[in-house]
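Chemist: Predicted model and sequence follow; I will ask about them next.
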Amino acid sequence: MLDYPVEFNSNSEAEKADNWELKTGEGLKTRMTVPEEFGGDNEYPSPEDLFAASIQTCMIATFKTIAERKNLRYQKIVCKGSVNLDRGSDSRPVMKDGDIKLTIEGIKNREKAEKVSKAAEKNCFIHNSVKTEIETSFEFTE
């Protein structure tokens, strides 16, 4: 049983240069940049990239965890995600909406896979923590 609350950490150090370093408590080290649309470049990920990636990868992790508990066998998960930056009702930029498309390959029990996918969508805590409207879809192949 997990003992809540659980804390996750990251550290950054930014100088005047265009990019900066990000380190997470789990050992990820990367350079970050402002998106090209805001005057940066595409050499490194942007906070917007990591926002989209965090929702997408949380959905994968949640599916994998529930599938393991439910003994759902599959070969591979292929996932594509995107989010759209737009103006909110107060005209400030917000991550307004997006979609996540997961293809689960090697499924023999489609009914169980559908139950696991519904549970994953319901329990993906990063997805549940943001205001962004995310449309999630699953496709199952044998």
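Modeler: All right, it came through fine.

Chemist: make it CA atoms for all contacts and neighbour counts henceforth
Modeler: OK.

Chemist: In the chain, where's the longest helix?
Modeler: Ranked by residue count and defined by DSSP state H, the top helix of the chain is helix 47-69.

Chemist: other SSEs contacting it?
Modeler: Taking 3 or more Cα pairs under 8 Å, 6 or more residues apart in numbering; DSSP states H and E as the contact definition, the neighbouring helices and strands of helix 47-69 are strand 76-87, helix 110-123, helix 125-129.

Chemist: Can you give me the buried ones in the second one?
Modeler: With burial defined by 16 or more other Cα atoms under 10 Å, the residues of helix 110-123 counted as buried are 113, 116-117, 120-121, 123.

Chemist: Relative to F38, which of those is nearest.
Modeler: Closest to F38 out of the buried residues of helix 110-123 is E121 (31.9 Å), distances taken as Cα to Cα.

Chemist: give me every residue that touches P47.
Modeler: Residues counted as contacts of P47 (Cα atoms under 8 Å, 6 or more residues apart in numbering) are 32-34.

Chemist: hmm, which of these are the buried ones?
Modeler: Of the members of the contacts of P47, the ones counted as buried by neighbours, 16+ other Cα under 10 Å, are 32-34.

Chemist: As TSV, those residues with secondary structure, distance to S129 and pLDDT would be great.
Modeler: Written out in TSV, the entries for these read as follows (DSSP: H, G, I helix; E, B strand; the rest coil; distance: Cα to Cα, whole Å; pLDDT from 0 to 100):
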residue	secondary structure	distance to S129	pLDDT
M32	strand	23	96
T33	strand	24	95
V34	coil	24	93
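
Chemist: Thanks a lot, see you next time.
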